[in-house]
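Student: when you get a sec, could you give me coordinates for this:
(one chain, ligands or ions: 2)
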Amino acid sequence: MFGSQAKPKAEEGRNTMSQAGPVTETSSEAPGGAPAARRAKTLEAKEVNLFYGGFHAVENVNMTIEPNKVTALIGSSGCGKTTFLRSLNRMHELTPGATVRGDIELDGEDIYAAGVDPVAVRRLVGMVFQQPNPFPTMSIYDNVAAGLNFNSGKVSKSERDAIVERSLRGAHLWGEVKDRLDRPGSSLSGGQQQRLCIARATAVSPEVLLMDEPCSALDPVATLAIEELIGELKKEFTIAIVTHNMQQAARASDTTAFFNLEESGKPGRLIEIGPTERIFTKPTQKATEDYVSGRFG
Ligand SMILES: Nc1ncnc2c1ncn2[C@@H]1O[C@H](COP(=O)(O)OP(=O)(O)OP(=O)(O)O)[C@@H](O)[C@H]1O
Ligand SMILES: [Mg+2]
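Tutor: Numbers count the residues shown, from 1 in each chain. Ligands and ions are numbered 1, 2, ... in the order given. Below is the predicted model:
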């Protein structure tokens, strides 16, 4: 269906949802209301190939990222974890010359279909990065509220207040910041900034949260706090997390996907995916066993 044609680059700079396709539908949850129990969406990659110009970075990935579960992506440096993660919310195509082949479906809807607004996709499939990246001069409150104006047209002040509080509570940060919401985001510690970024990502009610090594800049205490938070967030969201920390994958994920590349310059491939416990105790592939037991990578 997708043939050999690389998909076109996304049009950049489109900031409205007006031309968006069906993928733009947001949660039915009332703004400011209590978080409703909901089934998150399934993200499915079908024969996904990713390129940087002529360089084939990721080859033929088929993977289902299941709702209300944490899927860990592991594998040695350079095997394409970040590249793959960024294709799941159409960020890959923001790199000049980068292209995608294959299908990625959110509950059966192709996020790369013609007419789907990539900005709307990124709102439904939110991302948390390796380095906490709050808007430094913006207040803590405004950091969390940053995506709301675009999301649902008019959000009243009281609705906004409620969403900010709920998101900060959900990110286990409310108690630490409720008396200084007007202070800049940069006034927080690294671990607090990462929780602020998680609050910002969840404030717009995404379906999926992608996290690229979200704890690599944090100390062990802050890391455990984020892991505990991830365990809470999966009740509402579908979560994929890249990590180099094997204990973290073992502790925090339900499913583990192991990526590898045969040699430098070759594309990365998904070698094996399965329940985390099985991947760590009885992997079917030798490369997986070598990696999880620390003999490789
Ligand atoms: N912007 C880019 N332009 C060209 N090649 C890139 C670009 N970003 C990444 N690559 C290449 O794509 C391949 C996969 O990189 P990627 O960053 O996805 O790996 P990774 O598994 O996330 O590694 P790490 O664990 O070190 O973060 C690597 O060979 C990398 O050099
Ligand atoms: Mg990476």
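
Student: which residue ranges form the strands in the stretch 1-150 of the chain?
Tutor: Here the stretch 1-150 of the chain has its strands, by DSSP state E, counting those that start in this stretch, at 43-52, 55-65, 70-74, 98-106, 109-110, 125-128.

Student: the stretch 1-150 of the chain against ligand 1: which residues are in contact?
Tutor: 52, 55, 57, 77-83, 95 (Cβ under 6 Å from any ligand atom). Glycine gets a C-beta too; all of them are placed from N, C-alpha and C.

Student: report the helix or strand with the lowest average pLDDT across the protein.
Tutor: Across the helices and strands of the chain, mean pLDDT, DSSP states H and E gives its lowest value to helix 148-151, namely a mean of 67.

Student: for residue 124, which non-adjacent residue is closest in space?
Tutor: residue 207 (5.0 Å; Cβ to Cβ, 6 or more residues apart in numbering).

Student: wait, which of the strands of the stretch 1-150 of the chain is closest to residue 295?
Tutor: strand 70-74 (14.1 Å; Cβ to Cβ).

Student: tell me which element the residue lying farthest from the centre of the chain falls in.
Tutor: The outermost residue of the chain, judged against the average C-alpha position, is residue 179 (29.4 Å), by Cα atoms, centre = their mean. Remark: residue 179 resides in no helix or strand, with elements defined by DSSP states H and E.

Student: how close does it get to ligand 1?
Tutor: 37 Å (Cβ to the nearest ligand atom, to the nearest Å).

Student: residue 228 now?
Tutor: In terms of Cβ to the nearest ligand atom, residue 228 sits 24 Å off from ligand 1.

Student: quick one, phi/psi of that residue?
Tutor: phi -60, psi -40 (degrees, to the nearest 10).

Student: look up the closest residue to it, ignoring the ones flanking it.
Tutor: Using Cβ to Cβ, 6+ apart, the closest residue to residue 228 is residue 172 (7.4 Å).

Student: excluding residues flanking it in the chain, which one is nearest residue 86?
Tutor: residue 92 (4.4 Å).

Student: help me confirm that the one you found comes into contact with residue 102.
Tutor: No - contact criterion Cβ atoms under 8 Å: residue 92 and residue 102 do not qualify, at 11.5 Å.

Student: ok so, going back, minimum distance to residue 186: which of the strands of the stretch 1-150 of the chain has it?
Tutor: Nearest to residue 186 among the strands of the stretch 1-150 of the chain is strand 125-128; the distance by Cβ to Cβ comes to 17.2 Å.

Student: elements contacting that closest one?
Tutor: helix 190-203, strand 208-212 (3 or more Cβ pairs under 8 Å, 6 or more residues apart in numbering; DSSP states H and E).

Student: give me the contacts around that strand.
Tutor: 43, 85-86, 88-91, 106, 111, 194, 197-198, 201-202, 204, 206-212, 214 (Cβ atoms under 8 Å, 6 or more residues apart in numbering).

Student: likewise stretch 222-229?
Tutor: Contacts for stretch 222-229 (Cβ under 8 Å, 6+ apart): 171-172, 189-191, 194-195, 198, 214-215, 218, 245, 248, 251-252.

Student: equivalent analysis for stretch 130-142, please.
Tutor: 143, 146, 164, 177, 180-188, 190, 193-194, 196-197, 200, 212-214, 216-217.
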